[in-house]
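Trainee: compute the structure for the input listed below.
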Amino acid sequence: METQLESNIRRIYLFKFLKCFMITSPIAYLFFKKNGLSSSEIMNLQSIYLISVVLFEIPSGYFSDFIGRKKALILSAFSSFLAYFIYSFSHSFFYFAIVHVFLAISSSLSSGSDSALLYESFQAIKKETNYKKNESNLLSIESFSEATASILGGLLATINMRYNVYCETFVLFLALVVSFYIIEPKKQFKKRKTIKESFFLVKENIIKAPSLKWFILYSSVISSSTYIFAILIPQYLKFINLETVLFGLVFASIRYSVTIFSMFTDRIEVKLGEKYTLISFPILFFVAFLLMSIFKSYWAILVFFIIYFLRAFNKPILKSYVNSFIENDVRATILSLQSSIFRIIAAIISSVLGYITVKYSLSTTFLFAGIFHLLLALIPIFFLLNKNKN
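Mentor: Below is the predicted model of the structure:
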């Protein structure tokens, strides 16, 4: 069984690689424009996706905890495949909206399940201490897959942008096949059947570990910082008049950098310690947002790498902190709760930033985003550091 679970970790890696091989991502905006959508409609599609993820996130975590991680990942892969199958023949806002709802369902089902399954696979073979490093590997694979797909997507789009959608549909079919071969470790708890009992267990976990809620909020704020910065990158590249053909190379470069950075996250976190790790994240994010608000230069692209360096830390380190407080039978539910809080924060701030960009300037948008996330991060930091003193 131990050998099977060690092989299982490689299957999870392969599944993650295929799910993240987003050939369509770098040309999505151009693809929608070519199909007659306005910029406003394209932004509405993103809103539909974000709201849908929030609605499905916690129920999907419950499904994963009490029905099974493997089944959740199978349904996640199927939802993605179905979304891109519809995508491949869609030409209107209505069908693209349906696609984004299915993509949201897929993201919700896998967001807590893949990390929970990876942690429990190591737990089953008594190697929990390896989780942090291998969660970093998972992020490295995700970033490598996204970066490689960005380059291939850019090249393929020069022939026909719809070919990108066809190829991604095939890749997601392969992910669906791989999901059936993933093994789920046997659980030591009795499955409960009601949502009420599930949320009672979540509450019980938070009461037992008071720091858990602050780690969840902290991780959500940091995730929101990463997300907001990422969606502002294309606007900044346009702001500095970078040629469109170079967009894909910029995105590929910063995504490849995460692959490299994630190799060192565990060692750096050990040297910094929990206290300085928690303090340094929001400060570095604020500095990055501040620099982007001040400079209009190609050199400012180097700041992108600071953000993606922090992204390489965020998932493995903070998820490891959160996982250490959680019992198996609610792990995916609580990880999904964290993801939902992050998306709610991101949804609120992104709508405000859209107004600021139109009303004032992109520089003001970066500055406001930096101040907002810094101030919000100070709340959980205050309680976590005080808890450590006690």
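
Trainee: ok, now which ones touch the closest residue to residue 350 other than its chain neighbours?
Mentor: What sits nearest to residue 350 in space, not counting adjacent residues and going by C-beta to C-beta, 6 or more residues apart in numbering, is residue 228, at 6.4 Å. Backbone N, C-alpha and C define where each C-beta goes, glycine included. Residues near residue 228 by C-beta atoms under 8 Å, 6 or more residues apart in numbering: 346, 349-350, 353, 369, 373.

Trainee: okay if I get those as JSON lines plus distance to residue 215, pLDDT and neighbour count?
Mentor: Output for the contacts of residue 228, formatted as JSON lines (distance: C-beta to C-beta, whole Å; pLDDT from 0 to 100; neighbours: other C-beta atoms under 10 Å):
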{"residue": "346", "distance to residue 215": "18", "pLDDT": "82", "neighbour count": "23"}
{"residue": "349", "distance to residue 215": "20", "pLDDT": "81", "neighbour count": "19"}
{"residue": "350", "distance to residue 215": "24", "pLDDT": "77", "neighbour count": "20"}
{"residue": "353", "distance to residue 215": "26", "pLDDT": "78", "neighbour count": "22"}
{"residue": "369", "distance to residue 215": "22", "pLDDT": "91", "neighbour count": "26"}
{"residue": "373", "distance to residue 215": "16", "pLDDT": "93", "neighbour count": "24"}
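
Trainee: can I get these in CSV with distance to residue 103?
Mentor: Converted to CSV, these look like this (distance: C-beta to C-beta, whole Å):
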residue, distance to residue 103
346, 16
349, 22
350, 17
353, 23
369, 25
373, 26
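
Trainee: packing partners of whichever strand or helix holds residue 355?
Mentor: Using DSSP states H and E, the element containing residue 355 is helix 331-359. For helix 331-359, the packing partners by 3 or more C-beta pairs under 8 Å, 6 or more residues apart in numbering; DSSP states H and E come out as helix 39-67, helix 93-111, helix 113-124, helix 195-208, helix 211-239, helix 319-323, helix 362-389.

Trainee: and the angle from that helix to helix 93-111?
Mentor: Relative orientation of helix 331-359 and helix 93-111, computed by axes from the mean of the first three to the mean of the last three C-alpha atoms, to 10 degrees: 140 degrees.

Trainee: okay, angle between helix 331-359 and helix 211-239 too, please.
Mentor: 40 degrees.

Trainee: got the angle for helix 331-359 vs helix 362-389?
Mentor: Using the same axes, to 10 degrees, the interaxial angle of helix 331-359 with respect to helix 362-389 works out to 150 degrees.

Trainee: farthest pair within the contacts of residue 228?
Mentor: Largest separation among the contacts of residue 228 by C-beta to C-beta: 350 and 373, giving 12.1 Å.

Trainee: residue 41 and residue 33 touch, don't they?
Mentor: No: using C-beta atoms under 8 Å, residue 41 makes no contact with residue 33, being 9.8 Å away.

Trainee: show me the shaky parts of the stretch 201-350 of the chain.
Mentor: For the stretch 201-350 of the chain, the stretches with pLDDT under 70 are 201-209, 244-245, 262, 265-266, 269-270, 272-274, 314-333, 335-336.

Trainee: what separation do you get for the residue nearest to residue 350 and residue 280?
Mentor: 19 Å (C-beta to C-beta, to the nearest Å).

Trainee: buried set for stretch 296-309?
Mentor: Residues 300-301, 303-305, 307-309 are the ones in stretch 296-309 that count as buried (16 or more other C-beta atoms under 10 Å).

Trainee: dump that stretch to PDB, keeping only the CA atoms.
Mentor: Extracted as PDB, the C-alpha positions of stretch 296-309 are listed here (Å, rounded to 0.1, in the frame of the first residue of the first chain):
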ATOM      1  CA  LYS A 296       6.300  53.600 -15.800                       C
ATOM      2  CA  SER A 297       9.200  51.600 -17.200                       C
ATOM      3  CA  TYR A 298      10.100  48.200 -18.800                       C
ATOM      4  CA  TRP A 299      12.400  47.800 -15.800                       C
ATOM      5  CA  ALA A 300       9.300  47.600 -13.500                       C
ATOM      6  CA  ILE A 301       8.600  44.200 -15.000                       C
ATOM      7  CA  LEU A 302      11.300  42.900 -12.600                       C
ATOM      8  CA  VAL A 303       8.900  43.700  -9.800                       C
ATOM      9  CA  PHE A 304       6.600  41.000 -11.200                       C
ATOM     10  CA  PHE A 305       9.200  38.500 -10.100                       C
ATOM     11  CA  ILE A 306       9.000  39.700  -6.500                       C
ATOM     12  CA  ILE A 307       5.200  38.900  -6.500                       C
ATOM     13  CA  TYR A 308       5.700  35.500  -8.000                       C
ATOM     14  CA  PHE A 309       8.500  34.800  -5.600                       C
END
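
Trainee: many thanks, I have nothing further to ask.
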